[in-house]
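Engineer: Build the 3D model from these lines:
(2 chains)
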Amino acid sequence: MSLKYESTVREPLINGTKDFHQVTEDIVRPIEGKPGTLWYIGLYISVVMLLFGVFSVTWEVYYGIGVWGVNKTVDWAWAITNFVWWVGIGHAGTLISAILLLFRQGWRTGVNRAAEAMTIFAVMCAGQFPIWHVGRVWDVFFIFPYPNSRGPVWPNFNSPLLWDVFAVSTYFTVSVLFWYSGLIPDLATIRDRAKTKLRKFLYGYFAVGWTGSVKNWQRMEALFIVLAALATPLVLSVHSVVSMDFATSVIPGWHTTIFPPYFVAGAIFSGFAMVQTLLIVTRKILHLEEYITLGHIEAMNKVIMLTGGIVAVAYCSEFFVAWYSGDFGEGGAFWWRVNGPYWWAWWCLITCNVICPQMFWFKKLRRNIAFTFFMSIIINIGMWFERFVIIVLSLYHDWLPSSWSYFSPKWPDIGFYVGTFGLFFTCYFLFAKYLPVIAIHEIKAVLKTSGESYKAKMGPIETESTEEFVKEVAHTAH
Amino acid sequence: MPVKNFVVGCFTEEPAIFKAVKKVRASGHKLHNIYTPYPVHGLDEAMGLRQTSLHTAGFFYGLFGVIAALSGMAFVTVHSWPLNFDGKPHFPLPSFIPITFEFTVLVSSVGMVLTFCWLNQLMPFVKKHVFHPRQTDDLIVMVLEVSEGTNPEELKTWFKDLNAIEISEQRAEEGWWFGNYAKPAHYEKQPGAEEVIVP
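Structural biologist: Sure, this is the predicted structure:
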């Protein structure tokens, strides 16, 4: 039994009859076994995509940014769109691990590890775009403020683009730290049960000497709660700063005060959609349906509904303000979104982000795996179009009708984007094979309060009076 | 670190370990440590361990981050290369807040994780004795030190009375040393290592 108690009304977080050893076995099994054919095929395709990306970027670096479809009017296009899209996807992991930890949401334990890994890989992909977009990439270190022999020339601390450098790099570092510190006890679990010498050596190396002593755990819990408290405002700040890249300019369509919360909600919206895409496949292939349950999927769908609603409200207020402000440029920008040459992009965004998620009002659909998987892809397409609409559709019709332009991607644009998918999935496939995709120790910590078989035994307690309950459960146990 | 003798008892249930801790503190036996596969809340308090100061360290790292970021930017924009943007102040605090915040979080997190590793002696190639391979799997492992004048048999009976599911006597090095987990530790190769009794 456990010294903690959770109401039986709540859905169990872990299905089936499990004890601690079974949890370890279930989660470590794919690591110790041989990967299936599907894994090899997936990894192979990902690596090919990654190599195509490397080729496209090499091409771009050699010939210059001109090989992309950007032009004098639309000087920011796919690279920035993809950057914002990937950073947005990277918001779900730390939200799950940090914000839901502070809110004591037990269901985070089943999904946090994979979501955090996804965050890290997504931010890695995002980082590629600004780096290669600078054109003369060999000078990219100019963004770092350090005393130099060029004057010294310093970066502009008033610029949101520099804030972005700090925000994204801090976010990446903190996410990696958060993720890795949580991994240490699980790596030690694999180390201690390893049969082969190589595995013992490697997992022993990466488990950095963890033993699981009481003091180890006490410090880890303290570390986690403070890191969560630090990471919570960090998550919100990162996409706020990304939005300020646009909002602090004077371009109609960008110069909006609602951008920070609007972007953060959109980021969480797309991030959770990507978590759904990955976890629905992962739980199936690795047979983790009992740990990533329908309850988890439904909980994430609820977050998607909430943030999708916020995003929809933001779209409406943008249009309302464009009309109500009477600002000529602003009104034009939004009129062209609906009626301009890119009308299809805007309608695609509205269909995917506003209309489709309304299906989630039905509980049956929230708990339908195939539908959730389909919706998660629809939302990610919609969120990509949201960024495309914000970026390209605010630029292509500028103040001078004679310079109005259109943007079509060239093959290096597409190759670069495909390459980041390659990077993302290569990392994810390696992660799913070599690291535990579910936080083993966190599952164990909630098993006896939220495991299905343990909850079943708890039934009679709830019929007791409060006083009796406190006396019998909370005090006599120790 | 010295090589010592230990008696190890394994438990499966949380309440049993709390009972054992209560008893061991009353009995005067030397409690070396308890290893658990997941954080057992309240066990640190029951053992009489003091609360960690990691949070306080985190605060001071953060404070350092704030000061470093603000003074660094002030140095650049006021002293090293002041620029006149339309007569605006050289030190515009509001637009320095994002970087100050990010840097504070960065310094605080990195500092705390490094402190965490330092306090727990966590580093690649650091090795510690694993008293039971299942201490990171499903067993709560309590380790008593066989101090001078103590009979190990007495400790074993003590564990038996508490219904420990597995009891063993082990000779192990205290603390940590450099090594890897694929190779046995130096003291394990010495004669006398066979003395380890696993029931």
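Engineer: what's the neighbour count on whichever residue of chain B sits closest to chain A?
Structural biologist: For chain B, the residue closest to chain A is residue B:181, as judged by Cβ to the nearest Cβ, at 3.0 Å. In this view, the C-beta of every residue, glycine as well, is placed from N, C-alpha and C. Around residue B:181 there are 24 other residues, counting by other Cβ atoms under 10 Å in any protein chain shown.
Engineer: likewise residue A:33?
Structural biologist: Neighbourhood size, residue A:33 [other Cβ under 10 Å]: 9.
Engineer: Now the element after the longest helix seen in chain B, going C-ward?
Structural biologist: If you go by DSSP state H, chain B has its longest helix at helix B:93-119. On the C-terminal side of helix B:93-119, the nearest following helix or strand under DSSP states H and E is strand B:126-128.
Engineer: Give me the sheet partners of the helix or strand just after that following strand and which way each runs.
Structural biologist: As assigned by DSSP H and E, the chain's next helix or strand after strand B:126-128 is strand B:140-145. Strand B:140-145 has its sheet partners listed here by DSSP bridges as strand B:3-11 (antiparallel), strand B:30-35 (antiparallel).
Engineer: which outside residues touch stretch A:381-395?
Structural biologist: Applying Cβ atoms under 8 Å, 6 or more residues apart in numbering or on different chains, the set of residues contacting stretch A:381-395 from outside is A:73-78, A:80-82, A:84-85, A:88, A:246, A:251-254, A:266, A:269-270, A:273, A:311, A:333, A:336-337, A:340, A:342, A:345-346, A:348-349, A:351-353, A:356, A:407.
Engineer: how is chain B carved up into domains?
Structural biologist: Following automatic domain parsing, chain B resolves into domains at B:3-51+B:125-195, B:54-119.
Engineer: among those, which is nearest residue A:123?
Structural biologist: domain B:54-119 (13.9 Å; Cβ to Cβ).
Engineer: what about the stretch 101-250 of chain A, any weak spots by pLDDT?
Structural biologist: Nowhere does the stretch 101-250 of chain A drop to pLDDT under 70.
Engineer: Could you find the residue in it that comes nearest to chain B?
Structural biologist: Minimum separation of the stretch 101-250 of chain A from chain B (Cβ to the nearest Cβ) falls at residue A:204, amounting to 3.0 Å.
Engineer: related to what we said a few turns ago, so how far is the longest helix of chain B from its chain's centroid?
Structural biologist: Remark: helix B:93-119 is offset 22 Å from the chain centroid, using Cα atoms, centre = their mean, to the nearest Å.
Engineer: Residue B:47: what's it in contact with?
Structural biologist: Going by Cβ under 8 Å, 6+ apart, residue B:47 touches A:214, B:21, B:25, B:31, B:34.
Engineer: try it again with 7 Å
Structural biologist: Residue B:47 makes contact with A:214, B:21, B:31, B:34, according to Cβ atoms under 7 Å, 6 or more residues apart in numbering or on different chains.
Engineer: can you check residue B:2 too?
Structural biologist: By Cβ under 7 Å, 6+ apart, the contact set of residue B:2 is residue B:174.
Engineer: tell me the contacts of the nearest residue to residue A:171 once chain neighbours are set aside?
Structural biologist: Leaving aside its sequence neighbours, residue A:171 sits nearest to residue A:238 (Cβ to Cβ, 6 or more residues apart in numbering or on different chains; 4.6 Å). Applying Cβ under 7 Å, 6+ apart to residue A:238 gives the contacts A:87, A:167-168, A:171.
Engineer: Now residue A:238: which helix or strand?
Structural biologist: Residue A:238 belongs to helix A:214-247, assigned by DSSP H and E.
Engineer: what's the following helix or strand after that helix?
Structural biologist: helix A:259-285.
Engineer: So that following helix, near chain B or not?
Structural biologist: No. Using Cβ under 7 Å from any Cβ of the partner chain, helix A:259-285 stays clear of chain B, coming no nearer than 10.8 Å.
Engineer: And for residue B:110, the neighbour number?
Structural biologist: Per other Cβ under 10 Å, the neighbour tally for residue B:110 reads 16.
Engineer: correction: residue A:269
Structural biologist: Look at residue A:269: counted by other Cβ under 10 Å, it has 30 neighbours.
Engineer: Now do the same contact list for it.
Structural biologist: Contacts of residue A:269 (Cβ under 7 Å, 6+ apart): A:304, A:307-308, A:311, A:379, A:383.
Engineer: Please convert the domains of chain B to CSV, extending it with distance to residue A:127 and mean pLDDT.
Structural biologist: Compiled in CSV, the domains of chain B are given as follows (distance: least, Cβ to Cβ, whole Å; pLDDT from 0 to 100):
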stretch, distance to residue A:127, mean pLDDT
domain B:3-51+B:125-195, 30, 87
domain B:54-119, 15, 94
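Engineer: will you turn those domains into TSV that also has distance to residue A:424?
Structural biologist: Converted to TSV, the domains of chain B look like this (distance: least, Cβ to Cβ, whole Å):
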stretch	distance to residue A:424
domain B:3-51+B:125-195	31
domain B:54-119	24
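Engineer: center of the chain - which residue?
Structural biologist: Defaulting to chain A. Nearest to the geometric centre of chain A sits residue A:90, at 3.0 Å (Cα atoms, centre = their mean).
Engineer: not quite, I wanted chain B
Structural biologist: The centre of chain B sits closest to residue B:120, judged by Cα atoms, centre = their mean, with a distance of 3.5 Å.
Engineer: pretty sure that one contacts residue A:216?
Structural biologist: Yes. Between residue B:120 and residue A:216 there is a contact under Cβ atoms under 7 Å: 5.3 Å.
Engineer: Model confidence score at residue A:293, please.
Structural biologist: Listed pLDDT for residue A:293 reads 92.
Engineer: That one - how many residues pack around it?
Structural biologist: Per other Cβ under 10 Å, the neighbour tally for residue A:293 reads 22.
Engineer: Can you tell me the closest non-neighbouring residue to it?
Structural biologist: residue A:15 (5.6 Å).
Engineer: give me phi/psi at the one you found?
Structural biologist: phi -90, psi 160 (degrees, to the nearest 10).
Engineer: can you check residue A:379 too?
Structural biologist: phi -70, psi -40.
Engineer: likewise residue A:258?
Structural biologist: Note on residue A:258: backbone dihedrals following degrees, to the nearest 10 are phi -80, psi 0.
Engineer: residues in contact with it?
Structural biologist: Contacts for residue A:258 (Cβ under 7 Å, 6+ apart) come out as A:314, A:317.
Engineer: burial count for residue A:124?
Structural biologist: Other residues near residue A:124 come to 17 when the count uses other Cβ under 10 Å.
Engineer: Ignoring the adjacent residues along the chain, who's closest to it?
Structural biologist: Nearest residue to residue A:124, sequence neighbours excluded (Cβ to Cβ, 6+ apart): residue A:423, at 6.6 Å.
Engineer: For chain B, see how far away the one you found is.
Structural biologist: Distance, residue A:423 to chain B, using Cβ to the nearest Cβ, to the nearest Å: 24 Å.
Engineer: wait, doesn't that residue sit right on residue A:127?
Structural biologist: No. If you go by Cβ under 7 Å, residue A:423 and residue A:127 don't touch, sitting 10.2 Å apart.
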